[in-house]
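# Sequence and predicted structure, then a few things I'm wondering about:
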Amino acid sequence: MSVYLDNAATSFPKPPAVLEAISEYVMHNGSNPGRGSYTQARQAAELVCETRNLLCELFGFNAADSLIFTANVTEALNLAIRGIVKPGDHVITSSLEHNAVWRCLKLLEQELNVSITAVPCSKEGFTDPRHVEAAIRPETSLVVFTHASNVLGTIQPVREIGGITRRHGILLLVDCAQTAGACPIHVARDNIDILAFTGHKGLLGPMGIGGLLISPGIEIKPLKVGGTGRDSLSAPSKGRVV
Ligand SMILES: Cc1ncc(COP(=O)(O)O)c(C=O)c1O
């Protein structure tokens, strides 16, 4: 018997209930939610709505309309970082980031002259929140932190870091790729402004699903535009992710 040990990359095997739900949808519905008003399309839209509500419950978030789905957490993180950071801004991050964050920041360093401070962690793999506070500058617009590194698995003190960012009026984006569905995380109690998650690890879903929970009032420039609706001449309203 083989033992699967690569859960940090993706969870396996997926529970039978996940396969049954996907098969039920593909075999008996198959419609495009939000793209029609016939029975199956409305049922599919209800499933999406139900999923949003369940995720909000799981993550302690009370604005289901501000939960958006993406292809994975890489896309969610790129959307949030590139949609918030402006030319000349300063961003604080951990020394434990996945390339989904790190490469995105390094590209902004080249493209927009953004400066980055990567706060070091202890040899046990924990970040001291005081080091985050010490790194804050007048032009700091974002703190982006992994909740748990895929290499070490140490849980970072997000609640304390969030207390600091709240006091300084800076946004906190947390990469929950490794912890969503595996460890408790609560947007309201943990002082998180934006939470990014993936569906194919601890949430036991298939690949190709992730998302962002964006606290109301935060403006994020879209990474992609499109969507549905009759008014195709209208540009997306400023700050709305479509
Ligand atoms: C901490 C962390 N962030 C981001 C990612 C990227 O995940 P995804 O495949 O959902 O884009 C991973 C995947 O290993 C990860 O561990």
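Nice, I can see it.

# Please spell out which residues along the helix ranked longest in the chain are buried.
Of all segments of type helix in the chain, defined using DSSP state H, the longest is helix 39-59. When neighbours are counted by 16 or more other C-beta atoms under 10 Å, the buried residues of helix 39-59 are found to be 41, 44-45, 51-52, 55-56, 59. No exception for glycine: its C-beta is placed from N, CA and C like everyone else's.

# cool, and stretch 71-83?
For stretch 71-83, using 16+ other C-beta under 10 Å, the buried residues are 72-83.

# again, but for stretch 182-190
Buried, per 16+ other C-beta under 10 Å, within stretch 182-190: 182, 185, 187, 190.

# Quick check: the two most widely separated of those residues?
The distance between the two most remote of the buried residues of stretch 182-190 (C-beta to C-beta) is 16.3 Å, for Ala182 and Val187.

# Does anything pack onto the strand ranked longest in the chain? Which helices or strands?
In terms of residue count, the longest strand belonging to the chain (DSSP state E) is strand 140-146. Packing partners of strand 140-146 (3 or more C-beta pairs under 8 Å, 6 or more residues apart in numbering; DSSP states H and E): helix 73-84, strand 90-94, helix 99-112, helix 158-168, strand 171-175.

# ok, the buried residues of stretch 71-83 vs Gly163, which is closest?
For these, the closest approach to Gly163 (C-beta to C-beta) belongs to Ala80, at 20.4 Å.

# how near is that closest one to Leu212?
According to C-beta to C-beta, to the nearest Å, Ala80 and Leu212 sit 6 Å apart.

# Common neighbours of the two, please.
194, 196 (C-beta atoms under 8 Å, 6 or more residues apart in numbering).

# Cross-check the buried residues of helix 39-59 against the ligand and keep the overlap.
When C-beta under 6 Å from any ligand atom is taken as the criterion, no member of the buried residues of helix 39-59 contacts the ligand.

# Present those residues as a markdown table; the columns should include pLDDT.
Shown next, in a markdown table, are those (pLDDT from 0 to 100):
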| residue | pLDDT |
| --- | --- |
| Ala41 | 95 |
| Ala44 | 96 |
| Ala45 | 95 |
| Thr51 | 97 |
| Arg52 | 97 |
| Leu55 | 98 |
| Cys56 | 98 |
| Phe59 | 98 |
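
# Provide the secondary structure category for the residue nearest the centre of the chain.
In the chain, the centroid-proximal residue (C-alpha atoms, centre = their mean) is Ala196; its distance is 1.0 Å. Here Ala196 is recorded as strand under DSSP: H, G, I helix; E, B strand; the rest coil.

# what sits against it?
Residues in contact with Ala196, defined by C-beta under 8 Å, 6+ apart, are 73, 76-77, 80, 173-177, 210-212.

# filter the residues you listed down to the ones close to the ligand.
73, 175, 177, 210.

# which two in those residues are spaced the farthest apart?
Comparing all pairs in those by C-beta to C-beta, the longest separation belongs to Asp175 and Gly210, at 10.5 Å.

# Give the residues shared as contacts by the two.
Common contacts of Asp175 and Gly210 (C-beta under 8 Å, 6+ apart): 73, 196.

# Give me the more crowded residue out of the two.
Asp175 (32 against 28; other C-beta atoms under 10 Å).

# right, and Leu142 touches Gly83 too?
No - the pair Leu142 / Gly83 is not scored as a contact, 10.3 Å apart, by C-beta atoms under 8 Å.

# Once you drop chain neighbours, what's closest to Pro15?
Leu204 (5.7 Å; C-beta to C-beta, 6 or more residues apart in numbering).

# for Asn53, same thing?
Spatial nearest neighbour of Asn53, excluding adjacent residues (C-beta to C-beta, 6+ apart): Ala64 at 5.5 Å.
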